[in-house]
Every structure is written in C-alpha cells, then in structure tokens.
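Peer 1: just to be clear, the model below is a prediction. Sequence and coordinates:
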Amino acid sequence: MSAPHRELPPIVDYALLPLVNVTVAFLVSGLVVLAIGENPIEAVRIMIAGALGYSEGIGFTLYYATDFVFTGLAVAIAFHAGLFNIGAEGQATIGGLGVALVCLTFDGAPWWLVAPFAIAASALFGAAWAYLPAWAQARRGSHIVITTIMFNYLAATLMVYLLVEVMGKPGAMSPETRMFAEATRLPFLRDFLTPFGIDLGQSPLNPTVFVAMLAAWGVWLLIWRTKFGYELRTVGQNPSAAVYAGIDPGGIVIVVMLISGALSGLLAVNEVMGTQHRLLLEFTAGAGFVGIAVALMGRNHPVGVVLAALLFGMLYQGGAELAFEKPKISRDMIVVIQALVILFAGALEHMFRPTLARIFASAPRDDR
Amino acid sequence: ADIQPAVLYDLGGKFDKSFNEAAFNGAEKFHKETSVEFRDFEIQNDAQREQALRNFARKGNSPIVAIGFTQATAIEKVAKEFPDLKFAIVDMVVDLPNVRSIVFKEQEGSYLVGVLAAQASKSKKLGFVGGMDIPLIRKFSCGYVGGAKSIDPKIEVFQNMTGTTGAAWNDPVKGGELAKSQIDRGADVIYHAAGGTGLGVLQAAADAGKLGIGVDSNQNHLHPGKVLTSMLKRVDVAVYDAFADAKADKWTAGVKVLGLKEGGVGWADDANNKALVTAEARAAVEKAAADIVSGKVVVHDYMADKACPY
Amino acid sequence: MDIAAVVDVAAPVLGSGIRLSVPLLFCCLAGLWSERSGIVDIGLEGKMLAAAFASGVAAAQWHSPWAGLAVGILVSVAFALVHGYASISQRGNQVVSGVAINFLAAGLTVLLGQVWYGQGGRTPQLEAPERFLSLEGDFGIGRLLGAGTPQAHLWSDVIAGHNLLVYAAFLAVPLTWVLLWRTSFGLRLRAVGDNPHAVDTAGVSVAGLRYRAVIVCGILCGFAGTYLAVAQSAGFVRDMTAGKGFIALAALVFAKWRPFNAMGACLLFGLLDAAAIRLQGTPLPGIGTVPVQVFQALPYILTVVLLAGFIGRATPPKASGVPYTKDR
Amino acid sequence: MLESLPRSSDPRPPAIEFVGIDKRFGAVHANRDIDLTILAGSIHGLVGENGAGKSTLMSILYGFYQADRGEIRIDGNPAAIRSSADAIRAGIGMVHQQFMLVDTMTVLENVLLGAEGSFRLRPAERRARAALAKLASDYELWVDPDAVVGELSVGEQQRVEILKTLYRGAEILILDEPTAVLTPAEVDHLFRILRRLQGEGKTVVVITHKLKEIKAVTDRVSVMRKGEIVATLDTADTTVETLAEAMVGRRVLLQVSKGPSVPGAVELEVARLTVRDKRGLSLVDDVSFTVRAGEIVGIAGVAGNGQSELLEAIAGIRRADGGSIRLGGRAITALDPAEIRTLGIAHIPEDRHRMGLVLNFSAEENVILGYQDDPAWSSGWLYDRTAIRAAATRAFEDFDVRPPDPLLRTALFSGGNQQKIVVAREIGREPRLLLVGQPTRGVDIGAIEAIHRRLIDLRDRGRAILLVSAELDEIRSLADRVLCMCQGRITGECRPEASETEIGMLMAGLGGDGTARGGRA
Ligand SMILES: Nc1ncnc2c1ncn2[C@@H]1O[C@H](COP(=O)(O)OP(=O)(O)OP(=O)(O)O)[C@@H](O)[C@H]1O
Ligand SMILES: Nc1ncnc2c1ncn2[C@@H]1O[C@H](COP(=O)(O)OP(=O)(O)OP(=O)(O)O)[C@@H](O)[C@H]1O
Ligand SMILES: [Mg+2]
Ligand SMILES: [Mg+2]
C-alpha cells in the first residue's frame, strides 16, 4: 500500500510528529531569546517554575488553559468541516455580553442557580455572532476568514458602545459594568480545595474548567460518534461526495459555525462570571487567536486540544513570570512562540515526515 | 524608613510618551535622588493586574503604585489581602485604609490649554483627538471646549475618537489622518488625549504647519515650535510624592484630588513654545488659572453628570 | 449649494481617502500577484507590519527614507519567502502559514523594538529628512487651472501634494496589468494559478514561477509597510497596520483578482474610511447625531456587506490554495 | 518475453530506447526494469490494463516523472531528461490522458504557454497565429485560436493538445489514450493525422485499451502487465485475442454470458428532462426515455455529452431545469438526493474519487456513505460501530475487496478495489433502480468480470438498471437496449447487436432525430 505520503504508525503521526514540530518551534524560540541577549535555559527554568513550580502557578496555568480549551475546540471543530474560524475572539466577546446580561438580571441569586443560564447565554450569544459569517460563507460564498475577522472588529466596537453608553457603571471612569453580587459570582476552586490542604493560592481557577473538560468530551463524541459528526467530516473532506450522499454542505457549514461560536462563547463564563465578575473591554485577551495555535498543535483532536491548551496555559502563566523576572523579555515573546508553533506544527507539519518515514518505514509491500 | 517601592503600568505600556511614562519619570527621579531601587511591570492582560500586584506584595514591595483606572478592582482585592502594605492608585478612587487614591482635575488643565488654543487660533476652529470614546477622555475634551469657549463663544471645536480596541491608544496613522481631516476642515490648533496615537496627531499638525497640544507629559519637545503647549498631568509628582512620603514616614491613605491649586495639572511653558505663546495669551491663561484657583471659575467635571454643558 | 462649496467639502475627503487607500492598494496588488499564481496569502498584514518596523528602524539608522524602503522591502520579502517555502516547497496549508506570519510579525516587531529602543516597541521618531514628505511642486498646474477655482482646489487637495509612495502605488496598478497580461511571464504566472499541471508539462517550473510571484508580493507589502511608518507617520508603533491587510484581501475578492478593479475597490474602502472620519460627530440629516462607533464600524460592515451582498461567489484562480503535487 | 524482429525499412537509429527503466510510487511498483525500443518513423502501440504502468513509462520519457533507475536514449544517444523542458528540447511531445490545458485561457494562449519565444506577448501571438493557420491546413487540425478552451468540445481540446506539440516542433509524439474521448468518426480523423505525421518521418506512440485500434493504426505494439513489458510484436503478427491474453496473462472472455431480459413494469420514466449549466447552456436537452424492471438500459456516448449530468439529475444531485422524472409513477423531480435514495434509487457515480468515496475515510466509513442516517447504524444518538464494522466486513467478503480490512484508509486501496467498495455499497442494498456510471473505469479485467456479473444478477432479480459507459463493448455486452447520447440529446435507440458503425453514427449525433424514438421506448 502507499499514499502520496507514506503511511506512518498512528503514534508517530499523532504523537511523535507533533512533538517534533513543537520541539523545533521551541528551539527556534530559544534562538530568539538568545538573540535578545538572555539565556534561554534560564528563561525556560523561570517559565516552568512559574507555571508548575508552586500551586498558585498551577492554578493560573489551568485557568488560562480553560480559555484555550474552549477556543481551541471552536477552531478545531470548524477545521473538521473545512472551515477556518478566526472569529473566536469576537464570538467570545459577545458571549461575555450574554453572561453579563444574565448575571446582572439575576444579580444576587445564588451562582449555582444562575450558572446554567449564564452558560446557555454565553453559548447562544457566541453562536449568534458566528451565524452571519457562516451564512455568508454557506449561501453567498464570501470568504469566512475575512468575514470572521471583520466581525471581531465589529464585536469590539459594539462592546465599547454598550459599555460606555448603555451598560457602563454610572459615575465610573472605566467602560465596564458594575461588579456582580458576591453570591452570583462563580466560586473559586481555591475556596473549595483549601480545606483539603490543596492551596491554589489566589488563582482564579473556577468550576468552568470542568465545563471545558465536558465540552472536549462532547466535541469528541460529536465528531466521531454521531451522524452529524460524520456528515461534517464528509463536508470537510469532500464536498461533492457530501452532496452525492444527500448532505447539504451549506446547512452543515452553518450549524458547525454555530457550534464553533457557542464553544468560543463559553470562554466568557470563565472570564466574566468566574474571574472578572463584571463585563469589561477585551477580557478575551487574545485567547481567540491562541485557539488557532492550540487546535493546530492538537491536530484538531479534542485530546490534543486539551494537551495543547495546557501547554499554552503554561506559556501564558510562565511567560508572565518570565516577563516579571526579566524586563528585557517582554510579553510579546509569547506571541512569537505562538507564531512559531503555528508555523511548525501547522504550515510546516510535513517537514520532518519524510525523515520519520525513513525511520519508521513499514517494509514496502510487493504489489505483484 | 527604607522602602521597596514598585510601579505597575497600564496596558499602554511604560513608554507611551504619556502618563505611564510620566509615572516612570517620577519613579526615576525618586531613584536618582535617593538611589532607592524600585520595581515595575507592564501587564499584557487584565488577569495579570491582580497577579502582578500580588507578586509585588509577596516580595514585600511597598508602596505599590498602580497607574490607571483599570487597576481599581485589582488594587481593591490585593490591598485587602495585604493590609499592612501601602498601595496607591492613579486616576481612580479605592476606599481602603491602606490605599492612597490620586485623581486629577484634568478638566482644569484642559480648560487652560483650551484658553491658549483659542488665543492661538486664527481660524477660530480647534480640534480634539481622543483615543477611545470613554468617560475619562470626554473629561478632557469637555474642559478643553470650556476653556476655548470662555475666550470666544463662537469658536468651533471638532472632536474625533480614534478607535474601539486597545489599538486605539497606539494608532498614529489613524491619529494623523484624523488630525489632517480636522485641519482640512479649518482647525489650526489640535489637542490630543490619545496616548501613542497622539504622536500621529502632533506629527500631522507639525507637518501641516499647524499647532498641536500635547498631553500628560510635556510633549513640547517632540516638535519644537510646532507644539503650542502640553496639558501637564503630574502623574510623575504623584508617584514621586507617594514614594517620598513613604520614605519620610509621612504616608497618608485616602483620596488626593490634584487640581490646578495643588499643582497636579497645568500647562507646559518652556523654551520650545516660548515664541508661540503671545503676551496676550499668557495674560489670558494666567487670569483663567487664577480664577480657577480662587474658585471664581469652576470648570465642569464631565464625570459629575456625564454631560458637558459647553 | 454650488459646486465650489461641494468641492470645498469633498476635496479634503477625497484627498484623505486616497492617502488611506494607498496601503490597501499596495497590499491588494501584492495579494493579486500571489493568488494569481495559486498561493493564497492571509499574511499580507504581517508582511506589511514587519516592513513598517524594518523601514522605521532603517530610516532612523541611516537617516534616509530610501534606506527605510530598501530594508522594509528586504524584510517583507524574507517573510514572503518563509510563506513560499511553507506553501510551495513544503506544500503546507497556506492559510495557516499566513496566520503564522501575521503572529510572527506582530510579536517580533515589538519584541525587537523593545530590546533595541526600550520604547514599548516604538522605533525612534523620524525627522522630516528621514521621511517621504508630500511633494511641494505643483508644476504651476494649480495656477493654470485658475487659482481658487474648484478644479484648482481639486487638483491641489486630491491629486497634487501627496508623497512619492502614493504615486508609486497608483503606478503599480498599470505596471501589474502590463506584466501579468502583456508578457509571457504574466501568461505563465496566470496559467500556473489556474492549472499548474499544464505549466509543468509545458516545460516551465511551477515552483519557480510561484516563488517569483511570492517575491513580488513581498516587495509590494514592503512598500505598504514603508508607507505607513516612513511616509504617513514618523516611525513604527506596535500593531500599526490595524487590520489593513485583511481589508485589502476583501478588496481583492471584491476586485475579482484584477488590477484596475483592485484600484477601484481600494479607493472605495479608503473613501469609506475618510468619510467615516469626516462624519464623526457631525449630525446626520434626519437621524441627528449618531454614536461615534457607528462610523468606526462602517468600513467593517461594508466589507461584509460587499463580500456577501454584491459579489456573491467570486471564483478565485482555480488552483489557488491547492499545493501542487505530481502524486495523485 | 515474446519479441519479434522489426520488419522496418527505416535506416535511422531507433527513435527511443528505454534501458532498465524502473519507477516506484511509494509502494506501487509502476514500472519494473523496462527495456523497450521504438523505431524511428513507426507508429508504436502500447496496451495494458489500468495501472499497468503505461502512462508512467511515457511520463518518464516526457520528463514529467523521474525514473528511479535506468536510461533513455533518443536517436541512439543517451538523453538526460530531467524535466518536460528537456523532453521538449529533445523533440518529444505528449498528449496526456487527462488534458493539460488552462480552461480559462484561449487556444492561442494555451499553444503559446511555455513556448512564447519573446518577453512581450503581442509579437509571440502574431507568430503563433500564423503557425496555427499553417498547421491547420497541413493536418486539417482546425480550431479557432481565440476560442476559450473551457468551452471547446473534448475532441477540439485534443486537437489543441496536438497543436501544442507540433507548434513546439515535436519529432516524437506520444498520445495517451487519445481515442477514449472520441467518436468513431473523430477516431478515423485522428488516425489519418497520425499517418500523415508518420509520412513526414515523425515517430508516434499511442497508448490505448482498444485492441482493434492497435490493429488499425500501429506498425508495432508492446504489451504491459503490472509494470512490465511482456511482449513487443509487429502488429501484423498479432490478433486481438493474443494481445488480450498477453495483457491479462490468461484467457479472458470479452463477453459476459447473460440470458434474455424479462422486462416488467416501468420503473423509471424520464420525460423531456432538461438540465442547464450556470451559463444556461443545456447539458441535458429535452431527454425522454423509460427503464423497466428487469432490464438494463445502456446509454452510449462519448464522455462529456451529458450522460453524467443525466444520472446526477435523476439522483437529485442536479436540479432539473425542465421536464419530469418519475419512479414507479411517483414524481421525484423535486426531491433531494437523500429522499431519492430512501425511495430505492442507488447510484454508482462516474468518478469515484470526486463523488463516490471520501479517500481519507476508513473503508468502513465509506460503506455507509449516502446511507449515514440509516437507523441500522445507530443506537440512540450515537453510531453503533460494531454494526457498521459487521456490515463492512460482510460486504467486503461478498465482493472480494482486497484487502478485506474495514479500517484501512480508502486511498490506499487500488483503483479496482476502491470501485468494488462503491459497487458493494450501492448494489448491496437491492435498489429498485440502479444508476451506474462508468462502472469499470480504472478497473482490471478480473474485477470487470465480477462487476458485470453482479449487474446482470441484479437485473435478473428484476431490478431496473440505467448504465452509462464510454466503453462501447461494455454497453453492448451488458445492455438490453442502447440509447445513444450526443450533446445532451438522445440521438437514437438501437439493439446492442447493432453494428459498431451504426452506433457510432448515433453517438456522433448523425442518427436523424432520435429523441422521439427515445421517448416512445
Ligand atoms: N502520481 C502517482 N502517485 C501514486 N501512484 C501512482 C501515480 N501515478 C501512477 N501511480 C500508480 O502507478 C501504477 C501505474 O499507473 P499508470 O497511470 O502508469 O497506469 P496506466 O497503465 O496508465 O493505467 P491506465 O490505463 O488506467 O492509464 C498504478 O498503480 C497507479 O496507481
Ligand atoms: N493516487 C494514489 N496515491 C497513492 N497510492 C496509490 C494511488 N493510486 C494507487 N495507489 C497505490 O497503487 C496500488 C495499485 O493501485 P492501482 O489503482 O494502480 O491498482 P491497479 O494495479 O490498477 O489494480 P486495480 O486493477 O485493482 O485498480 C494501490 O494498492 C495503491 O496503494
Ligand atoms: Mg494511463
Ligand atoms: Mg487501477
């Protein structure tokens, strides 16, 4: 048997190859650190220590990872349908609007009562923001990459307007809503865990992390175990085969984007209801874009996405500590690393394939 | 007492040639004079405000000065956690026993540069370029308009806002284009409150042979002879005082409102703009200043009622 | 309302519209070259940003806008070649590669800027002689048109008095057209974007053609970035491209991958932006004063509307985005 | 290996010599250590099953692929051919199996591409125009230089390909299955051209599956099997039977045995069906016919004359722009593919890679393609993997798919076996009506027999079958009635026994107005 790319054993394909790619990405990042006159080894040490060295760091790592799981899944599921959703940022922003509306309406009600509605709202609003680009792509054939980017800008604009003119806390300087009532905020896990001697320090890690886990599992089921998943993969792999099979690619595209938007929206639960306890500008802090890297690194597989999200969680937490320790290495180092990961794990994913193939080549079958 | 002070800048970044930079200058001045080391940090996302403050606190830094109203929530949290450390926040009031809140009457400073602008303008058309359309910025523009109209009620002030994302404080291209369009409409003096974006504004004004007005720090030197003046917001003084008071054990918590009277705001008057400020203008602005200090003139604070009467 | 008055209002807006359309136009043509050869390029934004930074640094370093232009182009081409290597030699996903380029530029520029100048990623402010300034000479045409007359006003505000790069941008349009539609090189390049197999069996190197296209794309992005940092403003500031690269892509689709349409589309977007700026804060007849945000959102909304509403399914060059391989 | 001495008078050294050419694609051994000599000034035939390696060998000669080992000699002296450019310089021209034309460009531009001769296009175009006019008169190769290639008929496109090679001054001309897309008349025309080229001392290599054509036009012929040359003979010394045997390596029955059909009630009724493309041109033009239970109706016609569109319209993949389609009396014109399938219409599409399969899916996933919402696969919300696995395994045994591995990536099956997967899926369902397009394209003779057998069994179980094929022999051996199609119209109906020329006439649209007859059938 053979294919344009000779087949590799699954572990190589899904574990080793990505690992190699990411390693290379980090080596190159190391060179960059070197170039700006810092010691990469030292930098790595600080990062790891900052991300995993103490329990609070771990808490923060997981907290960031939660965001990235949501956006990573959002990008990944779209990828499976052959769509490139760069709009997670905007969808999450609008999701935040949903969460805020719920929390402010039921302000004071106990969190466990409000949470379900908040979650639903975040998903709903996120999905809604994804609908138009999806529709334009499916029915009018306009490039979804461009439209989703435009919708990111529109989301930001809408947000400023609402927070300044409509929802803003009266008398306050900053464009943000008032704080939610204590009772309505998602509790921090640290408050649960300290009794058990687990000290998460002051990390904002909250129950949303479990929602993320659930989402990952759900997405996996959806993609590989349901009819809809089958249809969306068919559309992604071979649209004309989909039509032949009686699937309406347009319809699938729209539904997939709605799901993708909903997943992005969930990020807002973690940020708005779980951490900031109010709606403010740009609370997404670029998580939407990190999602792209996460999805690519995770090979668009939920398990991979979760792992990649953890890695980027470490990057963010460790990176913050690094920037704190080494003023020379500014926050933008993270962006560079992110870019290199996308480049090597995404665009150049096949670069080391031949080499690995040579090592792992299954003996060519004699097709006589 | 020997202290380990720290500064936490806002998203704009340490070198925004604007108020974060002013804070840095204040800290530097203190360092030069007392050779006391200070730590500082630029955050990259909102989650880090709290994290960074806590980092400082854990390392026993005090006083810890946070720049910008966006830091309020974080300060509130962390200051509670470390009741015996000293905190200060600029541009916002946080009501805690160990927090000093420093707010400025930007409207008064803006009023003064408005007066100067009106005096300097031949076309009787002025411009204002803000970063984002948020209350703080309207506070600037409102005072500015007030000052200008106090000289000539018929004077016209074009107002533009740059954008709606953080980039709005960092988009000199757009800033320049906004300024150009105001100039095209006849404006010949343009005041900016837009951080990095303002550089584009001053640039465009200078390129077109018009006058710009700087903000926060003294920006007269950016284009000598082309910047009419700068509305000084003495964040540097605020930071310096916070450090100095702590060192001299004269630290006090509570709200400090720094207006014209307290020397917290003012207009930049240096060699770079000597030629631009006519005797008549100088007289007018000094009179206005005196009136404000004496209370004869009360410059409207936009924050009071979210409205601008001018 | 008489013509003179209309012109008085319109001319400045037109002028500003032209200035704003220049970076779009450079990028749009860059994208045209790339996609005509079959390489999709989401990375225009990144290349433009990198070029802006490089030109800012170089112009400050060697006190010459030309040094800025040269280095800006060099760096932009370097990024283009990374994209080329990924999409041509490695047959990677071109959209993903483009996204990587964008992040890489966004990160590296600020990182290096911070290390070199410690000004939050900003490059030193450029003095007048270090920039491309607006050209003064109007060749007496203004007088020829009769000073003070509307047409003179139009001439002085809209056509004359821009900086060199503005004219370069509009010169690049016919140049692109001639090269692509009137030379054998262009014929091959357009063919390779439609059916690389045909080009290959005709004895022409597919990779060779595509690399050349990608390089031209880099050069044009270099111009765009230099324009931002060394002509339109005086130095580089983080993220100063602010999404122009993506608007340019939209314009490219809108223009159906043709040079002169591209010019039209970019002018349209530029004018929209200019109008939005001009209209800010001025009450609209009937509606009254509208929130600033409405105007700030206008260009983005229109992009979407144009893409979805008017063009519908614009068909790009057949092979664009598809890595070329002889394997079935 | 069989080899007979060339009876040739041409004193020149051999035009081409392959010496030990060897080529692999991944694990596919496409060419095994090939030695082959092609005499100057001869027309040399190359035959072999699909996948035997014919195209690969010629593509190596043309520099499109690089041989792993071996040497090529042109006119006696070694030639290093590393790219098509080298080949062209060496005077070699090739007309590929799938045309290498830029649809969006004009004939002129396609001819010029790569051979412009000057940087500026205008003068080059002037030169080419003149040259084309001359070639047209010399070889009756007339095509409008300013026509957009995408809008030309396949026959015309092939002329453009030949023009390309001649414009580049090719001395050696390779044609890869040139006749597959031509009507018998066009084939004759082509052969006249080849003879004329030969008359001028040019050398021609023709790849084909049609052994009769070999007899008709070639001087010598080589047979390939699984990557090897198994025979090279003077055509005069061969018969169709000996060639067929050499190809497959065993005696083959070129006709499947089948009893007379017993047509039942009308199952499919197509009335005045019209399908247009985006530009409004009719692809299927006012077509009417019926298919009864228990009969196979064959649609003969050169590829690209609307057959595939006809099938797609019936399957609901294409909207009908006019007319009606009824299944057992029920109108299905407006239904979508899913609904139509549930009514019992199965469809083996012409192009399995484009439609019939998702190559990156596992084989078992392709077994449910089109039937993905069959409750049999699911338990509750989720798919029941074991059920699917079981079904796949059964199907693979029934249809002898090799290897019978449901988890293997579909791209890794050979063309013939990929086709078997599709056939298994569609026939396995006992459909009321089976739509079949090119069922044996890219399939070797062994598999062909099996598939034909299945179709006839299905018919004998009283199912209706509509068969589209470009292979006349296939149509004639399977169909009970033959409809000929040309430019979207049914040009006539005839019995499968009808002579080649008669069917050929109809395929060329020269059969009087056949639509009416088609309608009454
Ligand atoms: N580019 C390619 N990549 C992978 N495998 C290939 C490629 N080209 C040919 N093959 C394989 O090599 C073998 C020979 O292919 P080739 O096209 O030469 O056969 P052929 O004799 O031309 O068949 P046909 O009569 O169908 O044209 C087949 O197994 C085919 O699948
Ligand atoms: N496009 C392709 N890419 C990679 N490998 C291929 C491709 N086509 C065929 N192959 C490999 O070549 C082998 C033979 O394929 P091919 O279609 O030529 O078989 P074949 O010799 O024609 O047999 P069959 O008569 O069953 O089609 C297959 O097993 C497959 O592994
Ligand atoms: Mg072949
Ligand atoms: Mg085959």
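Peer 2: On my side now, so go ahead. Numbers count the residues shown, from 1 in each chain, chains lettered A, B, ... in the order given. Ligands and ions are numbered 1, 2, ... in the order given.
Peer 1: quick one: buried residues of the helix or strand containing C:Ser55?
Peer 2: For C:Ser55, the host element (DSSP states H and E) is helix C:44-62. Residues C:44-60 are the ones in helix C:44-62 that count as buried (16 or more other CB atoms under 10 Å in any protein chain shown). (Glycine included, C-beta is placed from N, CA and C.)
Peer 1: is that helix positioned near chain B?
Peer 2: No - Helix C:44-62 is not in contact with chain B by CB under 8 Å from any CB of the partner chain; minimum separation 9.3 Å.
Peer 1: name the helices or strands packed onto the helix or strand following that helix?
Peer 2: Downstream of helix C:44-62, the next assigned helix or strand under DSSP H and E is helix C:65-84. With contacts defined as 3 or more CB pairs under 8 Å, 6 or more residues apart in numbering or on different chains; DSSP states H and E, helix C:65-84 has these neighbours: helix C:44-62, helix C:94-117, helix C:206-226.
Peer 1: residue ranges with poor pLDDT in chain A?
Peer 2: Where chain A drops to pLDDT under 70, the residues are A:1-7, A:171, A:361-368.
Peer 1: low pLDDT regions in the stretch 301-450 of chain D?
Peer 2: Along the stretch 301-450 of chain D, the parts satisfying pLDDT under 70 run over D:442, D:444-446.
Peer 1: which residues of it fall in helices?
Peer 2: Applying DSSP state H, counting those that start in this stretch to the stretch 301-450 of chain D gives helices spanning D:307-315, D:337-342, D:363-367, D:385-398, D:415-427, D:445-460.
Peer 1: want to throw those helices into JSON lines with mean neighbour count and distance to D:Leu281?
Peer 2: JSON lines is the format used below for the helices of the stretch 301-450 of chain D (neighbours: other CB atoms under 10 Å in any protein chain shown; distance: least, CB to CB, whole Å):
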{"stretch": "helix D:307-315", "mean neighbour count": "24", "distance to D:Leu281": "11"}
{"stretch": "helix D:337-342", "mean neighbour count": "18", "distance to D:Leu281": "23"}
{"stretch": "helix D:363-367", "mean neighbour count": "25", "distance to D:Leu281": "33"}
{"stretch": "helix D:385-398", "mean neighbour count": "16", "distance to D:Leu281": "40"}
{"stretch": "helix D:415-427", "mean neighbour count": "23", "distance to D:Leu281": "30"}
{"stretch": "helix D:445-460", "mean neighbour count": "19", "distance to D:Leu281": "32"}
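Peer 1: of all these, which one comes closest to ligand 1?
Peer 2: Closest to ligand 1 of the helices of the stretch 301-450 of chain D is helix D:415-427 (CB to the nearest ligand atom; 6.3 Å).
Peer 1: weakest of the helices and strands packed on helix C:65-84 by average pLDDT?
Peer 2: Note on those: lowest mean pLDDT is at helix C:94-117, with a mean of 91.
Peer 1: got the contact list for the next helix or strand after that helix?
Peer 2: As assigned by DSSP H and E, the chain's next helix or strand after helix C:94-117 is helix C:141-144. With contacts defined as CB atoms under 8 Å, 6 or more residues apart in numbering or on different chains, helix C:141-144 is touched by C:Ala152, C:Trp155, C:Ser156, C:Ala160.
Peer 1: now whichever residue of the stretch 101-250 of chain B sits closest to chain C: how far from D:His452?
Peer 2: For the stretch 101-250 of chain B, the residue closest to chain C is B:Asp184, as judged by CB to the nearest CB, at 3.2 Å. When distance is defined by CB to CB, to the nearest Å, B:Asp184 is 80 Å away from D:His452.
Peer 1: mind listing the strands in the stretch 51-200 of chain B by residue range?
Peer 2: Along the stretch 51-200 of chain B, counting by DSSP state E, counting those that start in this stretch, strands occupy B:64-67, B:87-90, B:99-104, B:125-132, B:156-163, B:189-193.
Peer 1: okay, these in a markdown table with mean pLDDT next?
Peer 2: A markdown table is the format used below for the strands of the stretch 51-200 of chain B (pLDDT from 0 to 100):
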| stretch | mean pLDDT |
| --- | --- |
| strand B:64-67 | 94 |
| strand B:87-90 | 94 |
| strand B:99-104 | 94 |
| strand B:125-132 | 93 |
| strand B:156-163 | 90 |
| strand B:189-193 | 96 |
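Peer 1: so which of those is nearest ligand 1?
Peer 2: Ranking the strands of the stretch 51-200 of chain B by proximity to ligand 1 (CB to the nearest ligand atom) places strand B:156-163 first, at 51.5 Å.
Peer 1: now find how far off-centre that closest one is within its chain.
Peer 2: Chain-centre distance of strand B:156-163: 18 Å, with CA atoms, centre = their mean, to the nearest Å.
Peer 1: so which elements touch that strand?
Peer 2: strand B:125-132, helix B:135-151, helix B:172-184, helix C:292-305.
Peer 1: given that strand, what are its sheet partners and their directions?
Peer 2: As defined by DSSP bridges, the strand partners of strand B:156-163 come to strand B:125-132 (parallel).
Peer 1: the host helix or strand of A:Ile292 close to chain B?
Peer 2: A:Ile292 is part of helix A:287-297, with elements assigned from DSSP H and E. No - judged by CB under 8 Å from any CB, helix A:287-297 stays clear of chain B, getting no closer than 9.0 Å.
Peer 1: which SSE is immediately downstream of that helix?
Peer 2: Criterion used, DSSP H and E; the element after helix A:287-297 is helix A:302-325.
Peer 1: got the buried residues for that next one?
Peer 2: Buried, per 16+ other CB under 10 Å, within helix A:302-325: A:302, A:304-325.
Peer 1: now that helix against helix A:287-297, angle please.
Peer 2: 130 degrees (axes from the mean of the first three to the mean of the last three CA atoms, to 10 degrees).
Peer 1: how far does helix A:302-325 sit from the chain's center?
Peer 2: 12 Å.
Peer 1: what sits up against the helix or strand just after it?
Peer 2: Note on helix A:302-325: by DSSP H and E, the next helix or strand toward the C-terminus is helix A:332-341. Helix A:332-341 is contacted by residues A:22, A:25-26, A:28-29, A:32-33, A:289-290, A:293, A:296-297, A:312, A:315-316, A:319, A:322-323, B:44, C:100-104, C:106-108, C:110-111, C:114, C:121 when judged by CB under 8 Å, 6+ apart.
Peer 1: tell me the helices and strands packed up against the next helix or strand after helix A:332-341.
Peer 2: Later in the chain than helix A:332-341, the nearest helix or strand by DSSP H and E is helix A:353-360. Counting contacts by 3+ CB pairs under 8 Å, 6+ apart, helix A:353-360 packs against helix A:17-35.
Peer 1: next SSE after the helix it packs on?
Peer 2: Going down the chain from helix A:17-35, the next helix or strand is helix A:40-48, by DSSP H and E.
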